[in-house]
Every structure is written in structure tokens, then in C-alpha cells.
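Asker: Structure here, sequence nowhere to be found:
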């Protein structure tokens, strides 16, 4: 028996469906909520695609298990109904503070009093959301990465108001569904992974912007020097250059502004978005 | 025939002997210069140890080739004699500006006029040394990493005075002796690798200092999130915590000062220096 036995995921997006599959694969029934029949239909299709991606990674032998997991996943458009039986709600709605706060305000009215709420937010701190939940002691962040089954870290980060017992229950549950729980003892924008990755990517951008070395040379150096499978510009291509542009252009820092401009004129204006478009710093088949 | 056919290495230290072995393994005769008979004796012993390390890495089958390489390496304590036939001098003396400038001033007097000089300096910029060489157009940095045969980047970095043809000759030669030349088009403290690595290590230190997460958690996150074989604190242990302390304590930045203090009290005072002492952030057998 897992620590939580009935999970509702809010948002049938890329992460939401991956989290649902990961949870259901470990025997836990999941309800995926989204706002409309159209959103749910798109979510079902997305989940089917995620299953194929997962099987492409781990092999066809896992298909019966994946099918059984999908059978454990229901979709819903009625929030009250979606969370009626949930002891854990994992929220993976778009990354806008007003939207998230609104979702939590509605959720607080309909969810059972002891249900734990976890946000998968990448950039918003849980303390900016906590009071909207009506249960700040049972609210925290549980952050998954893309390709949940492979990059299986679950960063667990509470606010000052989060009950330590709730924090531990969520970390334990993350482990039960095949994740490696990463316990953060303080709120940290970017959690652990992005707190490390962003300075590396910034430094790499600086070398190229200053004309010290080209992206391929920087990546080669990093791969040989550290044994990492990918250099920083390969990582940029995976993240997507539109995302990198959005982050850089939102920063007031002059170096970031110059980098945003470089990305726009040399890549985005050419339709080079990274892996997703087949070309970024590198070409992909 | 290699681009340079007779190489002298100044300094029989860890890097000097590794560079000599790497060069000689590719058929080029090498003279290793050091200041005294004692230094040369220590250098011969160090070279023998490096050969065993190299064979431990690549396998015993390479022993005949390694023996042949060692036979191509001479040691000398007379600078004029050591460089009389050299068309390339690679300087790997201790990392002190006054010492290096003094070595180059003496070298300039005795080396053939067309001999190219390359510094393996990790932290000093070649422009700080160039005028002492008497041949700034034939002087540049050629930076090797520890375990030259495995981490086989050779960072090539000139000054504004370096002849581009000399730069290319040195990069070509690096490739001929089994290195991957990393061409830097501008002077950059830390070259490419350390320009990327230092911000990552600083960010990791910050997470631990602020109590966000412990070193093992940070490393686990990095390994799973990026596929890298080592997290930042494993890298710290390899670099050595005395070196990390020296770098941090030399920085005026408050975060670096706090990190230096943390390293001193929690690690150095306990004799925990990293891999070299058997314990740092981790224990080693």
C-alpha cells in the first residue's frame, strides 16, 4: 500500500500526463482533471503518445504494465468530482501565478479537508501560493522533470508553513512511485537542478557572446572535461530556444538581454527552435 | 612527421611529465627540464608512476609503446642545452607570475630564435607573460588537463600579439599528439572548461551553505538530471579541497569567504582533503 492511495492530477499537459502514468504504473488510481471536454480529449491523446515514448525507452515488454496503468487513469472535467476521493492532488496547470491561485481557491472549497496539495510549478515558489490553498500546512512543491520515468528526480520543497510530517509523507510517496526524492530544506527558486544548470548555461552563453569559442567547441570541452553526455548548447537545444529566449529576455541583466537578442536574431528568426524544430545550435534528423 | 619535431617541457611536475609522455607516445622526442638533479630524479620517478597510471587506464597491451615513449624522453638541468634543439617549448612550471616571467626571460636568451613557446598556465593569462618571452608573436597558452591521455583537451589561447599561423601550428600539433584542440579566439581567464565549471561549483556550494540541500542530494540531482557521471561535490573531491579552499579564500566575494570558512572548519581541519586523503565530501577506499 502506498502512502497516498488516490491521486488527482490537475492539468492534462505534458508533465501532468507523465506524472499520471508514473503514478498509475505503481498501482495507484489516478484522476486527471482538465477544464473542458476538448482539453480532456487532447490529454487522452497526449497520454497515448507518452505511453509510446515510454515504451520506446524501456522496451515493448513493458506494454502490458503500461496498459494496466492507463486503465487506472480516469479523466474528469468536474473539479469536485475529480478530487472527491483524492488524498493527494498534484497540480500541473500552466505556469501563471494568478491562474494557479485561482485553481487552488476553487480546489480548497471542494477537496476533502485532509487532502494534501502539491504543486509541480517550475518557477513559482510555493510560498506565493500557500495562502490560496486554505491548508498551508498540507501544501508543498513536488517538482517532476520531463521524461519522468528516466529523469526520475522528484524535488520536494515546502514553505515555512508546511507540516514536516506532510513533507516526509510526500517524499516517501515519491519514492514509492519510482522517483528519487530530492529533499530541499528551504525554498529555493529553481530547486536544486535549475539552480545548478542555469549558471552553467549562462556561463556557456557568455563564452559564445564574447566570441571566446563557438558552441560546438564549448560543448566538446564540457563533454571531454566532465564526462557529461551533453554540452550546454545541446542542453539548450533540448530545453528549446524559445524557452531560453523567454527566460533571458525577462531578465534585467545586460548579459541576459544580449543573449536574448542573439537567440532571436540568429536562431528564432530562422525558425531554429532546438530539437523540437529539427534545428537549433545543432541539426537533428 | 609532426608539425613540431623536438619538444622541451619545462618542469617535471605532474602535468609536465604527463605532457612529456603524451608527446613522446606520438613519436616526438622530448627533453624535460627541471632546476636540479634532485628535481630531475623526482621527475623520473613521477614519470614512472604516470606510466603505470596510464597503463592502468588503457591496459597492459600498451606497455611496449609506453616503454618506447619513455625511451624518447631525456631529462636535463641545463636550460640552454635542454632547449638547443627544440622547435616547441611547453612551460609547466609552478603557477607564480614572477617565477614564470623569470623562466621566460632566461629562456629567451638561450632558445633558438624561431622556437615557439607555450605556457600550460591554468590561472595566469598569457598576456601577463608575453613581453618577458622576447617573442610575443611566437608565444601562446596550451593548456592540458590532469590525466592528459583521458581528459584529452588542449585549450589553445593566444594573446593579441600571437601570430595566427603559430596558433594554428600549435593547434595542429596538439591534434597530432592525440589531443582535441580547443581553440579560444580571445583571452579568457579559466579558458573554456573552468569558465563553465567554476559557476557550477559555486552554485553547488551556495545550495549547501544556505542549507537548501546536502552535498549528496545535490550530486544525485545533477547526475540524474544531466546524465553526468559526477556531481559537483564529487568534482570538488577530485580537484582537492585544499585547492578549492585556496581559490575561495583568495576571492573578495562574501559567499566565497563563507565557503572557504566552511571548507576549513568542516573538512581541512579534519584532514579531509578529498580523494587524495581518502575522504572529503565522500569516503574513498
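Answerer: Received the coordinates, thanks. Everything quoted here is computed from the prediction, not taken from an experiment.
Asker: Looking at the stretch 1-150 of chain A, which residue is nearest chain B?
Answerer: Taking Cβ to the nearest Cβ, chain B has its nearest neighbour within the stretch 1-150 of chain A at residue A:145, 6.4 Å off. All C-beta atoms are positioned from the backbone trio N, CA, C, and that covers glycine.
Asker: The nearest residue to that residue once chain neighbours are set aside in helix, strand or coil?
Answerer: Spatial nearest neighbour of residue A:145, excluding adjacent residues (Cβ to Cβ, 6 or more residues apart in numbering or on different chains): residue A:151 at 4.2 Å. The three-state assignment at residue A:151 reads coil, by DSSP: H, G, I helix; E, B strand; the rest coil.
Asker: my read: residue A:151 touches residue B:221, true?
Answerer: No. The pair residue A:151 / residue B:221 is not scored as a contact, 10.0 Å apart, by Cβ atoms under 8 Å.
Asker: Please identify which of those two sits among more neighbours.
Answerer: residue B:221 (29 against 17; other Cβ atoms under 10 Å in any protein chain shown).
Asker: who's in contact with the more buried one?
Answerer: A:153, A:155, A:182, A:192-193, A:196, B:213, B:231 (Cβ atoms under 8 Å, 6 or more residues apart in numbering or on different chains).
Asker: Quick check: the farthest pair among the residues you listed?
Answerer: Between any two of those, the greatest separation by Cβ to Cβ is 14.8 Å, found for A:155 and B:231.
Asker: Kindly provide the distance from the residue of the stretch 1-150 of chain A closest to chain B to residue A:234.
Answerer: 16 Å (Cβ to Cβ, to the nearest Å).
Asker: can stretch A:17-34 be found next to chain B?
Answerer: No. Figure legend: stretch A:17-34 not in contact with chain B (Cβ under 8 Å from any Cβ of the partner chain); closest approach 14.2 Å.
Asker: got the end-to-end distance for that stretch?
Answerer: 11 Å (Cα to Cα, to the nearest Å).
Asker: isn't residue A:133 right next to residue A:108, touching?
Answerer: Yes. The criterion here is Cβ under 8 Å, and residue A:133 meets it with residue A:108 at 5.8 Å.
Asker: And these two? Which one has more around it.
Answerer: Set residue A:133 next to residue A:108 and count neighbours by other Cβ under 10 Å: residue A:133 wins out with 25 against 16.
Asker: And the contacts of stretch A:42-55?
Answerer: With Cβ under 8 Å, 6+ apart, stretch A:42-55 has contacts from A:12-14, A:16-18, A:20-21, A:32, A:34, A:62-63, A:66, A:70, A:73, A:75, A:147, A:149.
Asker: nope, stretch A:184-198 is what I was after
Answerer: So stretch A:184-198 is contacted by A:122-123, A:125-127, A:141, A:143, A:145, A:153, A:155-159, A:182, A:235, B:200, B:203-204, B:206-207, B:210-213, B:217-218, B:221-222, B:225-226, B:232 (Cβ under 8 Å, 6+ apart).
Asker: And the strands in the stretch 101-250 of chain A?
Answerer: Ranges of strands in the stretch 101-250 of chain A, per DSSP state E, counting those that start in this stretch, are A:116-119, A:139-144, A:153-158, A:180-184.
Asker: most neighbours per residue, which of those strands?
Answerer: strand A:116-119 (a mean of 28; mean count of other Cβ atoms under 10 Å in any protein chain shown).
Asker: Would you list the strands that it pairs with, along with their directions?
Answerer: Using DSSP bridges, the strands paired with strand A:116-119 in its sheet are strand A:88-91 (parallel), strand A:139-144 (parallel).
Asker: okay, the ones you listed in a markdown table with distance to residue B:239 and mean pLDDT next?
Answerer: Shown next, in a markdown table, are these (distance: least, Cβ to Cβ, whole Å; pLDDT from 0 to 100):
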| stretch | distance to residue B:239 | mean pLDDT |
| --- | --- | --- |
| strand A:88-91 | 39 | 98 |
| strand A:139-144 | 30 | 98 |
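Asker: what number of residues lie near residue A:60?
Answerer: Around residue A:60 there are 9 residues (other Cβ under 10 Å).
Asker: picking up where we left off before, I'd like to know which of the strands of the stretch 101-250 of chain A is closest to residue B:112.
Answerer: strand A:153-158 (57.7 Å).
Asker: So which elements touch that closest one?
Answerer: Judged by 3 or more Cβ pairs under 8 Å, 6 or more residues apart in numbering or on different chains; DSSP states H and E, strand A:153-158 is in contact with strand A:139-144, helix A:164-176, strand A:180-184, helix B:215-226.
Asker: Reformat these as CSV; add distance to residue A:277.
Answerer: Converted to CSV, the helices and strands packed on strand A:153-158 look like this (distance: least, Cβ to Cβ, whole Å):
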stretch, distance to residue A:277
strand A:139-144, 25
helix A:164-176, 33
strand A:180-184, 31
helix B:215-226, 23
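Asker: Out of the ones you listed, which gets nearest to residue B:100?
Answerer: helix B:215-226 (35.1 Å).
Asker: now that closest one and strand A:180-184, what's the angle there?
Answerer: 130 degrees (axes from the mean of the first three to the mean of the last three Cα atoms, to 10 degrees).
Asker: just to revisit the earlier point, could you export the strands of the stretch 101-250 of chain A as TSV, including distance to residue B:137?
Answerer: Shown next, in TSV, are these (distance: least, Cβ to Cβ, whole Å):
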stretch	distance to residue B:137
strand A:116-119	60
strand A:139-144	54
strand A:153-158	51
strand A:180-184	53
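Asker: List the buried residues for the longest helix along chain A?
Answerer: If you go by DSSP state H, chain A has its longest helix at helix A:37-58. In terms of neighbour count (16 or more other Cβ atoms under 10 Å in any protein chain shown), helix A:37-58 has its buried residues at A:39-40, A:43-44, A:46-47, A:50-51, A:54.
Asker: Right, I'll call it a day here.
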